[in-house]
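Participant: pasted the sequence and its predicted model underneath.
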Amino acid sequence: RETLQSVFNQTHQPDEILVIDDGSTDGTAAFAESFGPKVRVFHRSQQRQASNRNFGAEQTSCEWLAFLDHDDLWEPNKLERQMEELSRHPDADLCYTARVNFVQDGDTFRRGKIISVPPAQDIQRSLYVNTTFMPGSVLIRRSAYLAAGGFDPKLKLVEDWDLWLRLLHSGTRFAVCPEPLLLHRIHANMQSKNAMAALAEVKQIYRRHVLPHLPKATRW
């Protein structure tokens, strides 16, 4: 409910809102469908986030795509600020933002650490170290997303880092909004807390997309 409300509250309204329901059992689909035609709901079963994001991208013809996980939130000016930044950098195909972590206790939101992001000119250096920004903070041109093949469904936890590196090496230009426009919810049942499984994927991505691009003298 809160996630969708943060989309409805945008000062720059999206042309379409798609909800991909991946076999939920908590009434998510019925709630999303209660909004009528302003929300398009698709039903899938155990496809995971990478495949579902790719599926959603194929269901629209909008020029720009924005992603938002079911428990995160956007600041009201998130899309407006990104479109402003992209208008200043028309050669860019992706705009990312900082984020702030928060914990919800009943109706109370407690904001925590702000996760900052680097300027666009330093994005390669940053992406060679870690994921840097989350899918929920991204606005990406649909043609660039599809040309890159979208998220890799074989990856379960760090498919975002894999895509950002593939886009980087394909020559995609990045733009940035340094403000924390994504509110990332922290809770006990986060899938991304599976540290050992994530580490295995991180090593795989690093060897595939980072090591080959490092100078031989420092590759060790």
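Facilitator: Cool, got the structure. Numbers count the residues shown, from 1 in each chain.

Participant: so for stretch 82-95, what gets flagged as buried?
Facilitator: Neighbour counts over stretch 82-95 (16 or more other Cβ atoms under 10 Å) mark 82, 85-86, 92-95 as buried. (Glycine included, C-beta is placed from N, CA and C.)

Participant: what would these look like in TSV with distance to residue 49, secondary structure and pLDDT?
Facilitator: Shown next, in TSV, are the buried residues of stretch 82-95 (distance: Cβ to Cβ, whole Å; DSSP: H, G, I helix; E, B strand; the rest coil; pLDDT from 0 to 100):
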residue	distance to residue 49	secondary structure	pLDDT
82	21	helix	98
85	25	helix	98
86	24	helix	98
92	24	coil	98
93	21	coil	98
94	18	strand	98
95	21	strand	98
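
Participant: ok, the residue positioned nearest the centre of the chain to residue 36 distance?
Facilitator: Centroid-nearest residue in the chain: residue 135, 0.7 Å away (criterion: Cα atoms, centre = their mean). Using Cβ to Cβ, to the nearest Å, residue 135 is found at 27 Å from residue 36.

Participant: what of residue 69?
Facilitator: Going from residue 69 to residue 36 by Cβ to Cβ gives 23 Å.

Participant: strands of this protein, start to end?
Facilitator: With DSSP state E, the ranges of strands along the chain come out as 18-22, 40-44, 64-66, 73-74, 94-105, 108-115, 139-141, 174-185.

Participant: mean pLDDT lowest where, among the ones you listed?
Facilitator: Lowest mean pLDDT of the strands of the chain: strand 108-115, a mean of 86.

Participant: just how off-centre is that strand within its chain?
Facilitator: Centre-to-centre, strand 108-115 and its host chain are 19 Å apart (Cα atoms, centre = their mean, to the nearest Å).

Participant: outside of it, which residues touch it?
Facilitator: The contact list for strand 108-115 (Cβ atoms under 8 Å, 6 or more residues apart in numbering) reads 98-104, 180, 183-184, 186.

Participant: the helix or strand of the chain at the bottom of the mean pLDDT ranking vs strand 94-105, what angle?
Facilitator: Using mean pLDDT, DSSP states H and E, the weakest-scoring helix or strand in the chain turns out to be strand 108-115, at a mean of 86. If you take axes from the mean of the first three to the mean of the last three Cα atoms, to 10 degrees, strand 108-115 sits at 140 degrees to strand 94-105.

Participant: just to revisit the earlier point, distance to residue 199 added to the strands of the chain, as CSV?
Facilitator: What follows is those, written out as CSV (distance: least, Cβ to Cβ, whole Å):
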stretch, distance to residue 199
strand 18-22, 25
strand 40-44, 28
strand 64-66, 29
strand 73-74, 28
strand 94-105, 21
strand 108-115, 20
strand 139-141, 27
strand 174-185, 20
